[in-house]
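Visitor: the following comprises the amino acid sequence and a computationally predicted model.
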Amino acid sequence: EIQYWCAMAAKEKSLLLRDDDLSRNKDDDKYQKKGYKTWSNKQVIQHFQNQPEFAELSEEIRVAITSALKEDGTTGKDFDTLNKPRLQKTKHLAGKDLAQTIVLGIIRSLQLDHGPDREVTVHSLPPEYKVFNDPIHGHIILHPLLVRIIDTPQFQRLRYIKKLGCVYLVFPGASHNRFEHSLGVSHLAGEMADTLRREQPELNITPVDVLCVKIAGLCHDLGRGPFSGVFDEWCKHKYPDWNFERTSVMMFDHLLADPENRRVREAFKEHGIGNEEQKFIKYLMSGEGSTEPANDQRLKNFLGKIIVNRKTAIDVETMESIARDSYHLRMSCNYDWSRLVKFVRVDCGQDEQQLCFRDKEAHSLHEMLLSRLSLRRKASCHKTVRFIERKVIEALTKADSVLKLSEIVHGLQSDQKEKQLEAVEKYTRLTDHVWHHILTSTDVHGLEEARIILQKIERRELYKYVGVALSSYGGQEFLDHESFHPNSRENVLKDEVVFRYGTESAQNPVSDVRFFSKSDPNRTFEIKNDQISQLLPVKFTEKALRVYCKNPDMTARSVVEREFRSWVESQGWGWESYTPYASPHKPTQDSPASVDRQESPVPNSVSKNLKFSDSQAT
């Protein structure tokens with residue numbers, strides 16, 4: 001935001017110098033240092049007339065705003081006290097909601113950015129703004145409306161939901177919660193929206209639009225349940241159509257309707273967020289294609305790709321997750337998310353508006369997706385984490401008769417408003433505390449089985465890991481209990497994990513991204529993988545088949561391993577180089593084993609056109 005106004009100051013310099021009061025002299029030097037609070041009535045009117053959103057208004061509304069500012073003698077000192085009730089009492093603006101919203105929007109934007117000619121400091125912020133010290137993004141300045149939302153029970157519950165769920169039980173550093181992640185998403189979403197507003201004025205992105213994007217980023221995880229993704233997986237066993245984003249929208253509605261959140265509703269009204277803007281926020285929260293934007297905001301549906309981009313998975317939610325997860329897990333993050341937020345534009349020339357990036361950031365996009373895949377492989381889908389998640393899901397199922405989780409989820413899925421409202425109120429109180437509730441409850445019968453499962457997890461009485469086999473996603477390999485001897489089936493637990501480079505599609509997500517150059521930013525184009533590097537992957541999805549032994553006895557484990565080995569060999573996979581932490585090798589025609597094992601300097605694109613014998617490859 002600081003950079004935005006510094007750039008705007010240079011662009012508007014010629015316009016500002018037309019006014020005698022802004023000519024460069026000693027008095028103006030004082031004005032430049034002191035900022036907008038020293039503006040006279042004439043300077044205030046001049047500033048309003050220079051704003052693009054003011055120029056787009058009808059002649060009637062422009063005259064009404066100018067007359068109101070002139071007759072009331074509004075100066076820079078009055079900006080901090082102007083609000084809707086006061087504007088409603090003015091002669092020229094009474095009953096004109098659009099004019100009042102524009103006036104407040106320009107003033108709030110000016111307060112946030114502290115004017116084009118003033119050095120911004122945290123100490124000069126209006127008192128309604130709050131500063132959060134975040135370990136990832138530094139000092140985050142939050143709009144007063146965001147602060148009101150944060151101080152509600154619906155949002156505060158995110159403090160008690162681990163972002164990575166059961167990963168914390170294996171990696172102690174993964175103790176961060178959905179609360180701070182939501183702050184980070186809101187911050188990055190606002191940064192990207194401000195970049196688009198600054199670089200492409202023709203998009204007509206208003207300060208209210210930017211505020212809507214920030215609110216959507218802040219509230220996009222309101223619908224998360226206990227242990228984050230673990231609860232989603234548990235729900236999908238019973239309700240395949242479960243979607244936490246739909247629940248987030250319900251929680252957002254509940255937040256606004258809650259009688260205790262009167263100040264939030266007042267803040268929404270004060271900052272020009274009406275019913276249409278609230279519909280737009282819910283569209284941004286739920287992701288592209290889930291709902292429809294409202295009215296004129298339908299032309300700005302590209303904003304729906306900032307937080308959740310279902311086509312490429314390149315969005316601020318992914319960027320923030322990678323940055324925060326890698327920091328707390330102490331795992332490397334090999335790309336700079338702040339550059340992607342700055343080097344972005346909207347491609348309006350296509351049938352569908354989409355976000356595009358600078359050509360020099362193409363490799364950064366691959367690094368981002370590789371970092372995400374690495375975190376998933378090393379942490380989120382770690383062999384022990386996956387087993388613990390399976391046991392937690394089993395514990396939730398055992399405790400369902402007491403905790404009534406199915407009843408809550410069923411109410412959220414219901415079409416009846418009364419059942420939905422009751423379910424949402426119960427869901428607001430549902431956090432990771434269910435773990436301690438199960439462990440410490442005096443209920444001997446209803447929670448006993450679930451308690452035993454969680455106690456075994458804490459005592460580390462876990463199943464023994466046997467091995468893994470990798471296959472292409474959608475491959476024909478299928479491991480079931482029939483593959484094992486009847487005597488050993490009861491000791492076998494299998495787990496299938498899908499690793500994706502980007503979205504659920506098996507294609508390269510970067511191939512759907514368009515790029516622009518510095519010399520001609522209005523022309524977009526595609527960049528192929530081999531134009532970026534010859535070392536990029538050629539497959540983007542794979543499936544891991546993992547096997548565990550329930551019996552801790554080494555003899556039983558050996559039997560399961562032997563049965564697993566027999567199944568592997570029946571699939572035509574080699575066992576000679578197998579270890580429990582690497583998949584058996586499966587040669588394919590398009591990637592010969594003899595070539596794969598060599599560290600040949602020949603690029604992939606060349607080696608595909610050559611055929612080596614073993615001796616030649618050696």
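Guide: Looks like it came in fine. Residues are numbered from 1 along each chain as shown.
Visitor: looks to me like residue 255 is in a strand.
Guide: No - assigned with DSSP: H, G, I helix; E, B strand; the rest coil, residue 255 falls outside any strand and is helix.
Visitor: now the spatially closest residue to it that is not a sequence neighbour: which helix or strand?
Guide: Of all residues not flanking residue 255 in the chain, residue 154 sits nearest, at 4.2 Å (CB to CB, 6 or more residues apart in numbering). C-beta here means a position set from N, CA and C on the backbone, and glycine is covered the same way. Per DSSP states H and E, residue 154 falls inside helix 153-156.
Visitor: only the buried residues of that helix, if you could.
Guide: Neighbour-count burial for helix 153-156 flags 154, 155 (criterion: 16 or more other CB atoms under 10 Å).
Visitor: one more: stretch 409-420?
Guide: Under the neighbour-count criterion of 16+ other CB under 10 Å, stretch 409-420 has 409, 411, 412, 413, 420 buried.
Visitor: my read: the fourth one touches residue 240, true?
Guide: No - with the criterion set as CB atoms under 8 Å, residue 413 and residue 240 do not qualify as a contacting pair; they are 10.7 Å apart.
Visitor: before we move on, the earlier item: for the buried residues of stretch 409-420, which one is nearest residue 554?
Guide: Using CB to CB, residue 409 comes nearest to residue 554 of the buried residues of stretch 409-420, at 41.3 Å.
Visitor: list the contacts of the helix holding residue 154.
Guide: Contact with helix 153-156 is made by 149-150, 179, 182, 218-219, 222, 251-252, 254-255, 258, 260-261, 428, as judged by CB atoms under 8 Å, 6 or more residues apart in numbering.
Visitor: okay, among the residues you listed, which ones form the most distant pair?
Guide: 182 and 260 (20.2 Å).
Visitor: ok, the two, which is more surrounded?
Guide: Between residue 182 and residue 260, residue 182 has the larger neighbour count (other CB atoms under 10 Å), namely 24 against 10.
Visitor: which SSE is the residue nearest to the spatial centre of the chain in?
Guide: For the chain, the residue nearest the mean C-alpha position is residue 317 (1.6 Å; CA atoms, centre = their mean). Remark: residue 317 resides in helix 316-329, with elements defined by DSSP H and E.
Visitor: which helices and strands does the helix or strand where residue 568 lies pack with?
Guide: If you go by DSSP H and E, residue 568 is part of helix 554-570. Secondary-structure packing of helix 554-570 (3 or more CB pairs under 8 Å, 6 or more residues apart in numbering; DSSP states H and E): strand 464-472, strand 541-549.
Visitor: what about stretch 129-144, average pLDDT?
Guide: For stretch 129-144, the mean pLDDT works out to 91.
Visitor: same thing with stretch 280-300?
Guide: Stretch 280-300 shows a mean pLDDT of 67.
Visitor: next one: stretch 249-256
Guide: Mean pLDDT, stretch 249-256: 95.
Visitor: check stretch 352-360 too.
Guide: On average, stretch 352-360 scores 90.
Visitor: go through it and flag the buried ones.
Guide: So, applying 16+ other CB under 10 Å, buried residues of stretch 352-360: 353, 354, 355, 356, 357, 358, 359.
Visitor: now find how far off-centre stretch 367-384 is within its chain.
Guide: Here stretch 367-384 is found 16 Å from its chain centre; the criterion is CA atoms, centre = their mean, to the nearest Å.
Visitor: pick out the lowest-pLDDT one from the buried residues of stretch 409-420.
Guide: Lowest pLDDT within the buried residues of stretch 409-420 is found at residue 413 (89).
Visitor: quick one: contacts for it?
Guide: So residue 413 contacts 239, 241, 242 (CB under 8 Å, 6+ apart).
Visitor: follow-up on the earlier one: closest one to residue 442 out of the contacts of helix 153-156, please.
Guide: Distance to residue 442, by CB to CB, is smallest for residue 428 among the contacts of helix 153-156, at 24.9 Å.
Visitor: nearest spatial neighbour of residue 272, skipping sequence neighbours?
Guide: residue 101 (3.8 Å).
Visitor: after the helix or strand in which that neighbour is found comes which helix or strand?
Guide: Using DSSP H and E, residue 101 maps to helix 97-113. Once the chain leaves helix 97-113, the next helix or strand it forms, by DSSP H and E, is strand 130-134.
Visitor: who touches that following strand?
Guide: So strand 130-134 is in contact with 122, 125, 139, 140, 141, 142, 144, 147, 180, 183, 184, 187, going by CB under 8 Å, 6+ apart.
Visitor: what helices or strands is the helix or strand just after it leaning on?
Guide: Moving toward the C-terminus from strand 130-134, the first helix or strand encountered (DSSP H and E) is strand 138-142. Applying 3+ CB pairs under 8 Å, 6+ apart, we find strand 138-142 packed against strand 130-134, helix 178-199.
Visitor: point out the most buried one among these.
Guide: helix 178-199 (a mean of 23; mean count of other CB atoms under 10 Å).
Visitor: hang on, the earlier thing: I'd like the helices and strands packed on strand 138-142 as JSON lines, with distance to residue 349 appended.
Guide: Formatted as JSON lines, the helices and strands packed on strand 138-142 follow (distance: least, CB to CB, whole Å):
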{"stretch": "strand 130-134", "distance to residue 349": "37"}
{"stretch": "helix 178-199", "distance to residue 349": "16"}
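Visitor: could you tell me the least trusted of these?
Guide: Of all those, the minimum mean pLDDT falls on strand 130-134 (a mean of 91).
Visitor: alpha carbons of it, as PDB, please.
Guide: C-alpha atoms of strand 130-134 as PDB (Å, rounded to 0.1, in the frame of the first residue of the first chain):
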ATOM      1  CA  LYS A 130      -4.600  -2.700  14.600                       C
ATOM      2  CA  VAL A 131      -1.100  -4.000  14.000                       C
ATOM      3  CA  PHE A 132      -0.400  -7.700  14.300                       C
ATOM      4  CA  ASN A 133       3.200  -8.900  14.600                       C
ATOM      5  CA  ASP A 134       3.300 -12.000  12.400                       C
END
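Visitor: where exactly do the strands run in the stretch 401-550 of the chain?
Guide: Here the stretch 401-550 of the chain has its strands, by DSSP state E, counting those that start in this stretch, at 464-472, 492-500, 514-516, 524-525, 541-549.
Visitor: which elements pack onto the last one?
Guide: Secondary structure elements in contact with strand 541-549, counted by 3+ CB pairs under 8 Å, 6+ apart, are helix 383-403, strand 464-472, strand 492-500, helix 554-570.
Visitor: format these as a markdown table; extra columns: mean neighbour count and mean pLDDT.
Guide: What follows is those, written out as a markdown table (neighbours: other CB atoms under 10 Å; pLDDT from 0 to 100):
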| stretch | mean neighbour count | mean pLDDT |
| --- | --- | --- |
| helix 383-403 | 20 | 94 |
| strand 464-472 | 19 | 84 |
| strand 492-500 | 17 | 89 |
| helix 554-570 | 16 | 85 |
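Visitor: quick one: which of these is nearest residue 305?
Guide: Across the helices and strands packed on strand 541-549, the minimum distance to residue 305, taken as CB to CB, is reached by strand 492-500, at 18.6 Å.
Visitor: what is the closest one packed up against?
Guide: Counting contacts by 3+ CB pairs under 8 Å, 6+ apart, strand 492-500 packs against helix 383-403, strand 541-549.
Visitor: please redo it, this time with the cut-off set to 6 Å
Guide: Using 3 or more CB pairs under 6 Å, 6 or more residues apart in numbering; DSSP states H and E, the elements in contact with strand 492-500 are strand 541-549.
Visitor: about what we covered before: which among the helices and strands packed on helix 554-570 is found nearest to residue 379?
Guide: strand 541-549 (14.5 Å).
Visitor: now what about the closest one, what contacts it?
Guide: Outside strand 541-549, the residues that touch it by CB atoms under 6 Å, 6 or more residues apart in numbering are 463-471, 473, 479, 491, 493-500, 506, 557, 560, 564.
Visitor: swap in stretch 455-474?
Guide: Here stretch 455-474 makes contact (CB under 6 Å, 6+ apart) with 383, 387-388, 391, 477, 493, 506, 541-550, 557, 560-561, 564, 568, 580, 583-584.
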